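Asks: Structure, please.
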Amino acid sequence: MMSKRSSGPAAGGDVPLYVDLTRVRSAAESFGFHYLEGEQRLVFPWNNHVLIVRIDDDTPPTLLFEAELRERLSFSEIATTAQSINEWNHERLGPTASLRVNDDGEVEIHSRTCVLIDEGLSDEQLSEHIRLGIETTILFVRELLGDHPDLETGAEGTDELDKRRGQQDLAAMMEHRAAEKRRSAEDNAMPMHAETDTTEWADQVDEDDFRGDAQSPTEVTVDRVRAALSDLGITKTTGEDEALIAWINGVLFGFFIDNGPSYLVKGHWDPGLDPDGDFLRVFLLCNDWNEETLTTKAYTHTDDDGLQVRVEFTVAVSAGLNDAQLEHNTAVAINHILHAVDTISTDATGVSAVEWPN
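Replies: You can find the predicted model right below:
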């Protein structure tokens, strides 16, 4: 049934398999990345940041890359830091950047990349996600240091710095950063968009129970995205070669094949707020969403009509997706973007911008 959306030869030539830490470890080793092994996670220590790679079994299951800068910023820099983070989230597909004020009043900087694994990953897909997850995090840290040199930890080899890095690495091997704060979309107990049935995610699928689609990944095209949307009950779309546009529950969605290539799904909320007076307030609402959730990224955008909000879901597709993966990523993207727009618009204005079905 799903093979009708296949396009061209398999990009990876292999089929998606169950994703566990053993496969993640093997992929990381193939690139020569140095890591430490902690509690159900791999920890990649760099001079200025620590990156945790782990499998999150929440709904839906994900391969998660969580980074934290080793240094902190003064609270007096929160406004300029907010501008830097929002600019990154606006201009870059990933990772998602966010900030948090700790108990000492210091500003911590985080980043996060998330890959859906409910339908498995082929060896080529997994390797590409590992490489991109690590390398784009390094790029983010490098660019942030250019704007905020105080985040530079200094030269390696200093006893005090090395001791502090060691303590941070040890903590990263043991802790779930931000896990207690996160809410999944299903925690909101909201209905799905009106044109699809509720998607049932597996509770916790182990390798023996995994039943991924044996179809090899193929190139992701706009035609295949259109077919996936149709299978989800979304048939009213416009667009041709480069993008599709659809209104879903009162929210404008765009579906793009971007550079990389990446499959990008973008939701729009256009309240036309004051770019100067409302920026920090709305940024912090977007930042809360980015800190507390995994799959989507929210940020502010200014145009001739004022301050707007965009929410994005992105997955790298240089190794292709099979039909089950494409439909799964599309369904998750739509529903999590709707929940993001609902939460942020309600918190910002007291009224949801999403037209939920009764």
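
Asks: Tell me where the stretch 251-358 of the chain has helices.
Replies: 279-292, 323-349 (DSSP state H, counting those that start in this stretch).

Asks: Same list (these) but as a markdown table, adding mean neighbour count, mean pLDDT and distance to H148.
Replies: Every residue, glycine included, has its C-beta placed from N, CA and C. Compiled in a markdown table, the helices of the stretch 251-358 of the chain are given as follows (neighbours: other CB atoms under 10 Å; pLDDT from 0 to 100; distance: least, CB to CB, whole Å):
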| stretch | mean neighbour count | mean pLDDT | distance to H148 |
| --- | --- | --- | --- |
| helix 279-292 | 20 | 97 | 16 |
| helix 323-349 | 23 | 98 | 26 |
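
Asks: and L121, which of those is closest to it?
Replies: L121 lies closest to helix 323-349 among the helices of the stretch 251-358 of the chain, at 8.3 Å (CB to CB).

Asks: about what we covered before: and the helices of the stretch 251-358 of the chain as TSV, adding distance to D123?
Replies: Shown next, in TSV, are the helices of the stretch 251-358 of the chain (distance: least, CB to CB, whole Å):
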stretch	distance to D123
helix 279-292	30
helix 323-349	14
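
Asks: closest one to D162 among those helices?
Replies: From the helices of the stretch 251-358 of the chain, taking CB to CB, the stretch that ends up closest is helix 279-292, at 29.4 Å.

Asks: Report all helices and strands that that closest one contacts.
Replies: If you count contacts as 3 or more CB pairs under 8 Å, 6 or more residues apart in numbering; DSSP states H and E, helix 279-292 packs onto helix 78-91, strand 96-101, strand 297-303, strand 306-316, helix 323-349.

Asks: Switch these over to CSV; also include distance to G239.
Replies: What follows is those, written out as CSV (distance: least, CB to CB, whole Å):
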stretch, distance to G239
helix 78-91, 22
strand 96-101, 26
strand 297-303, 20
strand 306-316, 17
helix 323-349, 15
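
Asks: nearest to L252, of the helices of the stretch 251-358 of the chain?
Replies: Closest of the helices of the stretch 251-358 of the chain to L252 is helix 323-349, at 9.9 Å (criterion: CB to CB).

Asks: for the closest one, packing partners?
Replies: strand 107-116, helix 222-231, strand 251-258, strand 262-273, helix 279-292, strand 306-316.

Asks: ok, then the element right after the host helix or strand of E135?
Replies: Secondary-structure assignment from DSSP states H and E places E135 in helix 123-147. Past helix 123-147, further along toward the C-terminus, the next helix or strand under DSSP H and E is helix 159-174.

Asks: what sits up against that next one?
Replies: With CB atoms under 8 Å, 6 or more residues apart in numbering as the contact definition, helix 159-174 has outside contacts at 36-39, 41, 43, 45, 47, 50, 52, 68, 70, 153-156.

Asks: wait, T295 sits on V332?
Replies: Yes: with contacts defined as CB atoms under 8 Å, T295 counts as touching V332 at a distance of 6.0 Å.

Asks: tell me, what's touching the two both at once?
Replies: Residues touching both T295 and V332 (CB under 8 Å, 6+ apart): P60, L116, F313.

Asks: Can you pull the phi/psi pair for A27?
Replies: When quoted as degrees, to the nearest 10, the phi and psi of A27 stand at phi -60, psi -40.

Asks: can you pull the contacts of it?
Replies: D123, L126, S127, I130.

Asks: switch the cut-off to 7 Å
Replies: For A27, the contacting residues are L126, S127, I130, by CB atoms under 7 Å, 6 or more residues apart in numbering.

Asks: Domains of the chain: list them as residue ranges, please.
Replies: Residue ranges for the domains of the chain, per automatic domain parsing: 2-174, 185-349.

Asks: Okay, now the unreliable bits of the stretch 151-300 of the chain?
Replies: In the predicted model of the stretch 151-300 of the chain, residues 155-157, 165, 169, 175-213 satisfy pLDDT under 70.

Asks: please redo it, this time with the cut-off set to 50
Replies: Low-confidence regions of the stretch 151-300 of the chain, defined here as pLDDT under 50, cover residues 178-191, 193-205.

Asks: So for V251, which of the helices and strands packed on helix 279-292 sits nearest?
Replies: Ranking these by distance to V251, with CB to CB as the measure, places helix 323-349 first at 5.4 Å.

Asks: thinking again about what came up before, same list, the helices and strands packed on helix 323-349, but as CSV with distance to L17 please.
Replies: Conversion of the helices and strands packed on helix 323-349 to CSV gives the following (distance: least, CB to CB, whole Å):
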stretch, distance to L17
strand 107-116, 14
helix 222-231, 22
strand 251-258, 25
strand 262-273, 20
helix 279-292, 30
strand 306-316, 17
